[in-house]
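S.K.: Have a look at this prediction, sequence included:
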Amino acid sequence: MTTPSVAPITVKTGTVAPLDPALNQCKELASQNKKARDDVKNQLNAQKNANGGSLNQADAATLAKAEGSGMTFSSAFSQVPGTEGMITACSSGIAQGKSPDLIVEGGTVEQKGGLSKKIRTDCDSAHDEAKEVAGVLCDKSHVHPGGGAGAHAEPKIVNHLTNLVGAEKMKGGSLLFNIDWQSAKYGPSGMPCQHCFAMLCHAAQECEIRIFICSHDHQPVELSKDDCKDDDAYTNLCKRVDGGPRPGR
Ligand SMILES: [Zn+2]
């Protein structure tokens with residue numbers, strides 16, 4: 001049983017709802033994820049039917065992932081000043097192209113592509129431009145790892161919001177995520193992967209953005225700065241988000 005980290009929203013007549021993420025928003029974000037996944041499946045199935053029951057290889061693989069495992073949809077409720085609102089992203093670029101009204105593209109090619117650890121940790125000024133172009137979050141202080149993790153759904157949300165407001169303003173406020181990860185290994189999970197976890201910790205620790213992740217029972221679980229310092233941080237978060245030490249619910 002997870003203890004809610006913030007009080008549920010109460011709206012009084014004539015007042016604005018408090019800015020804290022709350023229970024109802026987790027459910028709303030879950031339905032956004034479902035709506036986007038369903039739309040991708042519907043678009044591809046319609047395309048398949050219109051084409052006599054066949055799809056090209058890439059589209060067929062995308063449909064199989066959308067219906068099975070290997071494709072993540074994430075929706076977030078942003079209260080980072082200047083970016084307020086709901087946003088949905090998907091780990092598949094092809095899926096995004098099938099439902100561009102519901103799913104954001106999620107940043108530039110360079111942001112999604114990230115940079116290798118060797119380049120990210122090398123202080124040589126020769127890499128400054130590449131880091132500047134790929135950088136996201138406050139003052140472009142974070143670059144996603146190379147190899148594909150920058151094109152996961154949660155980084156795409158962060159990339160999009162960074163570009164929306166400008167990196168110098170991508171700080172403060174809060175982000176509430178609802179992650180629909182259908183893992184071949186673990187089954188359904190609401191956890192970010194280790195790379196995305198590290199990125200969210202950076203947002204919390206360096207950019208003063210309060211990060212919340214919706215739990216299996218629709219509670220906003222806060223990723224506190226202390227969580228990120230702990231060696232068992234990922235496991236601890238997983239217990240609160242998925243209800244056990246390993247992803248899966
Ligand atoms: Zn990830």
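M.R.: Yes, it's here.
S.K.: could you point out which element follows the longest strand along the chain?
M.R.: Counting by DSSP state E, the longest strand found in the chain is strand 174-183. Using DSSP states H and E, the next helix or strand after strand 174-183 towards the C-terminus is strand 187-189.
S.K.: That following strand - which strands sit beside it in the sheet, and in what orientation?
M.R.: Using DSSP bridges, the strands paired with strand 187-189 are strand 174-183 (antiparallel).
S.K.: Determine the number of other residues adjacent to residue 31.
M.R.: By other Cβ atoms under 10 Å, 12 other residues sit near residue 31. Placement of C-beta: from N, CA and C, glycine included.
S.K.: make that residue 57, sorry
M.R.: Residue 57: 7 neighbours (other Cβ under 10 Å).
S.K.: Phi and psi next, for it.
M.R.: Dihedral pair for residue 57: phi -60, psi -40, per degrees, to the nearest 10.
S.K.: just to revisit the earlier point, what is the mean pLDDT for the longest strand of the chain?
M.R.: In this model, strand 174-183 has a mean pLDDT of 96.
S.K.: Same check on stretch 85-103?
M.R.: The pLDDT scores in stretch 85-103 average 97.
S.K.: how far out from the middle of the chain is that stretch?
M.R.: Centre-to-centre, stretch 85-103 and its host chain are 11 Å apart (Cα atoms, centre = their mean, to the nearest Å).
S.K.: List the buried residues for that stretch?
M.R.: Within stretch 85-103, the residues that qualify as buried are 87-92, 94-96, 98-99, 102-103, counting by 16 or more other Cβ atoms under 10 Å.
S.K.: Which of these lies at the shortest distance from the ion?
M.R.: The closest of the buried residues of stretch 85-103 to the ion turns out to be residue 91 (Cβ to the ion; 7.7 Å).
S.K.: I'd assumed residue 150 was in contact with that closest one.
M.R.: No. Using Cβ atoms under 8 Å, residue 91 is not in contact with residue 150, being 10.7 Å away.
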